[in-house]
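# Compute the structure for the input listed below.
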Amino acid sequence: MEKLDNIVMYSPEDVRKLLHLGNAKCLELFNSKDFPSIKIGRAFWVKADCLEKFLSEKHTLNSKNEEIF
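Residues are numbered from 1 along each chain as shown. Next up is the predicted model:
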């Protein structure tokens, strides 16, 4: 996590730890069109508030059609 003048940015490693994802799934997430990541040089980043908004808007159902997010 990096903090730049009150802007908190997460790296893919931070997101992997927060969401308990593997490397491949995390990179797939960062490369998806609806994920709010930005690429600076060769590194991906996501603003903390954008990640929170993204996660709050996603609702995943399990096999019994119960919300798990």
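
# tell me the phi and psi of Val8?
Dihedral angles of Val8 (phi, psi; degrees, to the nearest 10) stand at phi -100, psi 130.

# so it bridges to which residues?
Beta bridges link Val8 to Lys3 when assigned by DSSP bridges.

# That one touches Val46, doesn't it?
No: in this structure, Val8 is not within contact of Val46 by CB atoms under 8 Å, at 9.9 Å. All C-beta atoms are positioned from the backbone trio N, CA, C, and that covers glycine.

# Which one's more surrounded, those two?
Val46 (22 against 14; other CB atoms under 10 Å).

# Phi first, then psi, for the more buried one.
Taking degrees, to the nearest 10 as the convention, Val46 sits at phi -140, psi 130.

# go on, Ser11?
Per-residue torsions, Ser11: phi -90, psi 170 (degrees, to the nearest 10).

# quick one: pLDDT of it?
With respect to pLDDT, Ser11 scores 95.

# okay, now it: neighbour count?
Using other CB under 10 Å, Ser11 has 16 other residues around it.

# Does it touch Trp45 like I think?
Yes: Ser11 lies in contact with Trp45 (CB under 8 Å); the separation is 6.2 Å.

# Could you tell me which residues touch both of those two?
Common neighbours of Ser11 and Trp45, counting by CB atoms under 8 Å, 6 or more residues apart in numbering, are Glu2.

# how distant is the least confident helix or strand in the chain by mean pLDDT from the center of its chain?
For the chain, the helix or strand with the lowest mean confidence is strand 2-4, at a mean of 73 (criterion: mean pLDDT, DSSP states H and E). In terms of CA atoms, centre = their mean, to the nearest Å, the centre of strand 2-4 is found 16 Å from the chain centre.

# so what does that strand touch, helix or strand wise?
strand 7-10 (3 or more CB pairs under 8 Å, 6 or more residues apart in numbering; DSSP states H and E).

# got the contact list for the strand it packs on?
Met1, Glu2, Lys3, Leu18, Trp45, Val46, Lys47, Ala48, Asp49, Leu51.
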